[in-house]
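[1] here's my sequence, what's the structure:
(one chain, ligands or ions: 2)
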Amino acid sequence: MIPVEEAQALCLDLVRPGAIEEVSLADALGRTLAAPAKATRDQPPFPTSAMDGYALRDALQGDTLPVIGESAAGHRWDGTLGKGQAIRIFTGAPVPDGADRVVLQENVTRDGDRITLTEPLSDNLNIRAQGADFKIGFSVESPRILGPADLALLAAMNCPRVTVTRRPKVALISNGDELVMPGANPTADQIIASNVFALQAMVRQAGGDPLVLPIAADTPAALDRVLLDAADWGADLIVTIGGASVGDHDLVAPALDRFGVTRSFHKIAMRPGKPLMAGAKGDLAVLGLPGNPVSAVVCGQLFMLPMIRRMLGQTCVLPEALTARLTATLPAGGPRAHYMRAAFAETEHHREVTPFDRQDSSMLTVLAAANCLLLRPINCPVSAPGDAVTILPF
Ligand SMILES: Nc1nc2c(c(=O)[nH]1)N[C@H]1C(S)=C(S)[C@@H](COP(=O)(O)OP(=O)(O)OC[C@H]3O[C@@H](n4cnc5c(N)ncnc54)[C@H](O)[C@@H]3O)O[C@H]1N2
Ligand code: MOO
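    Ligands and ions are numbered 1, 2, ... in the order given. Now for the predicted structure:
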């Protein structure tokens, strides 16, 4: 059994950043930017009025000024404003040459074509300088996972298309004679395939392209068939679920051998997740998850997601770790690192975490109630309420 950190490093060695492609901004949400995007113009591209009102030059409170033109958004006034003149101006409109402030329309009185500056002039000139947001050549750096605000920024930079990493194709294979899909009529000895739905969602959320293959029966031929189907689909990563352990019906390790996978490891010092295995056949990486629902999802978080992030070209690929104060007493750690299901909360003074009493790796109700994993390192000493512990939020 190798430690979790060593297994994570071996898993990451099996994958590398994928090819790049161009997509339109409308399709770029959640994609990982693979090359910097550069602004081709200043924003704003000209000094802009921040308010509806009047543009002025060297004006003082009490002045009465003729209004000699109008500048609206999309339609500039093309002259140079002289001292003692005013221009009607609207929010977003170009501020004319010569103008040094915009006064709000609420702060003047208008009589025909003349305005009088009735209020004190504020320190705020109400003019947005050219390039105040960004200048031509400004760059959004890669790698970066594109969120909604990034898309607006890239649009403002006049970048209609962006270069992103191709979505890695992840084939998910459940196996076991006892499994049927939700909605089917299970026989008395059957259960519903559940964890594949979490894994599919995790792949999608991380920016991958998941494919759930039909459940493979517990026969060598069925596993051989479905592995070939996954490869034919063009998978970058095959994730098997179940059949990873040592029972007579745990057929995944020999099936991967027949398929031509060079194994990096099998079995890790982790709870849940002991039977995890990983390897590769050329560029095709393979991860063998344990079948217990919680084991599969926890291993998905610790091993599958980092592999996907690496294939997307991201650099921070391991789950984020935080420190929290324990609310309970926990016994000393054992020979496997224990990733306990737990709930953490931010209180007024600190972050605190409470592990659930039931930690069986079949308990989906507990997993669904949890918002983090609480790490108990190998052979760690007893922990008391108030002790600092490491958590991995999800
Ligand atoms: N003698 C030993 N037995 C076991 C060991 C061991 O070291 N020695 N390890 C245990 C550990 S730890 C785990 S974890 C499990 C995992 O074994 P497998 O990966 O072979 O998983 P299965 O036996 O196929 O399934 C375990 C459990 O999970 C259910 N399952 C499987 N796939 C799904 C699915 N897609 N959705 C929902 N539930 C699923 C399956 O019905 C079983 O109940 O092995 C221990 N045994
Ligand atoms: O390690 Mo298994 O993954 O306990 O349930």
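[2] residues contacting the nearest residue to Asn107 once chain neighbours are set aside?
    Excluding the flanking residues, the one nearest Asn107 by C-beta to C-beta, 6 or more residues apart in numbering is Glu119, at 3.9 Å. From N, CA and C alone the C-beta is placed, and that goes for glycine too. When contacts are counted by C-beta atoms under 8 Å, 6 or more residues apart in numbering, Glu119 is found next to 61, 103, 107-108.
[3] just the buried subset of the residues you listed, please.
    Using 16 or more other C-beta atoms under 10 Å as the burial test, the contacts of Glu119 include 103, 107-108 as buried.
[4] next step: the residues you listed restricted to helices.
    Of the buried ones among the contacts of Glu119, none are assigned to helices by DSSP state H.
[5] return only those of the residues you listed found close to ligand 2.
    Contacts with ligand 2 are made by none of those, judged by C-beta under 6 Å from any ligand atom.
[6] which residues of the chain fall in helices?
    So, for the chain - with DSSP H - the helices run 4-13, 148-156, 195-206, 220-233, 252-259, 293-299, 305-311, 364-369.
[7] around ligand 1, pick out the residues from the stretch 101-250 of the chain.
    Checking the stretch 101-250 of the chain against ligand 1 by C-beta under 6 Å from any ligand atom, the hits are 174, 176, 178-179, 191, 193-196, 241-247, 250.
[8] could you list the low-confidence segments of the stretch 101-250 of the chain?
    Applying pLDDT under 70 to the stretch 101-250 of the chain picks out no residues at all.
[9] ok and the residue in it nearest ligand 2?
    Here the residue of the stretch 101-250 of the chain nearest ligand 2 is Ser245; by C-beta to the nearest ligand atom that distance is 8.1 Å.
[10] how near is that residue to Gly291?
    According to C-beta to C-beta, to the nearest Å, Ser245 and Gly291 sit 8 Å apart.
[11] can you name the residue of the stretch 151-300 of the chain nearest ligand 1?
    Counting by C-beta to the nearest ligand atom, the stretch 151-300 of the chain gets nearest to ligand 1 through Gly291 (2.7 Å).
[12] any idea how far the closest residue to that residue other than its chain neighbours is from Val261?
    Spatially, and ignoring its direct neighbours in sequence, Gly291 is nearest to Gly242 (2.8 Å; C-beta to C-beta, 6+ apart). Gly242 is 17 Å from Val261, where distance means C-beta to C-beta.
[13] just want to know which of those two has more residues nearby.
    The neighbour count for Gly242 versus Val261, taken as other C-beta atoms under 10 Å, is higher for Gly242 (30 against 22).
[14] these two touch, right, the more buried one and Ser174?
    Yes: applying C-beta atoms under 8 Å, one finds Gly242 in contact with Ser174, separated by 6.3 Å.
[15] quick revisit: got the contact list for the residue of the stretch 151-300 of the chain closest to ligand 1?
    176, 195, 241-245.
[16] any idea how far it is from ligand 2?
    Note on Gly291: its distance to ligand 2, by C-beta to the nearest ligand atom, to the nearest Å, is 9 Å.
[17] phi, psi for that residue please.
    phi -80, psi -30 (degrees, to the nearest 10).
[18] how about Ile115, what does it touch?
    Ile115 neighbours (C-beta under 8 Å, 6+ apart): 54, 64-65, 67, 86, 108-109.
[19] by neighbours, which of those wins?
    Ala86 (28 neighbours).
[20] pLDDT score assigned to that one?
    Listed pLDDT for Ala86 reads 98.
[21] residue numbering should commence at 19 henceforth.
    All right, first residue 19 from here; so that's Ala104.
[22] looking at it, it is touching Leu83, isn't it?
    Yes: here Ala104 reaches Leu83: they are 4.2 Å apart, a contact under C-beta under 8 Å.
[23] got the buried residues for the longest strand anywhere in the chain?
    Ordering each strand of the chain by length in residues (DSSP state E) puts strand 355-364 first. Under the neighbour-count criterion of 16+ other C-beta under 10 Å, strand 355-364 has 355-362 buried.
[24] same deal with stretch 327-338?
    For stretch 327-338, by 16+ other C-beta under 10 Å, it's 327-332, 335-337.
[25] closest to ligand 1 among the residues you listed?
    Distances from ligand 1 to the buried residues of stretch 327-338, taken by C-beta to the nearest ligand atom, are shortest for Pro337, at 19.5 Å.
[26] ok, and the closest non-adjacent residue to that closest one?
    Spatial nearest neighbour of Pro337, excluding adjacent residues (C-beta to C-beta, 6+ apart): Leu410 at 4.5 Å.
[27] before we move on, the earlier item: tilt between the longest strand of the chain and helix 22-31?
    90 degrees (axes from the mean of the first three to the mean of the last three C-alpha atoms, to 10 degrees).
[28] strand 355-364 pairs with which strands, parallel or anti?
    With DSSP bridges as the test, strand 355-364 is paired with strand 288-289 (parallel), strand 369-373 (antiparallel), strand 390-394 (antiparallel).
[29] tabulate the ones you listed (JSON lines), appending distance to ligand 1 and mean neighbour count.
    Shown next, in JSON lines, are the strands paired with strand 355-364 (distance: least, C-beta to the nearest ligand atom, whole Å; neighbours: other C-beta atoms under 10 Å):
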{"stretch": "strand 288-289", "distance to ligand 1": "7", "mean neighbour count": "22"}
{"stretch": "strand 369-373", "distance to ligand 1": "19", "mean neighbour count": "20"}
{"stretch": "strand 390-394", "distance to ligand 1": "15", "mean neighbour count": "23"}
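[30] Phe108 against Ala90, yeah?
    Yes: with contacts counted by C-beta under 8 Å, Phe108 reaches Ala90, the gap being 4.9 Å.
[31] reformat the buried ones among the contacts of Glu137 as TSV; add distance to Gly291.
    Formatted as TSV, those follow (distance: C-beta to C-beta, whole Å):
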residue	distance to Gly291
Val121	67
Asn125	67
Val126	71
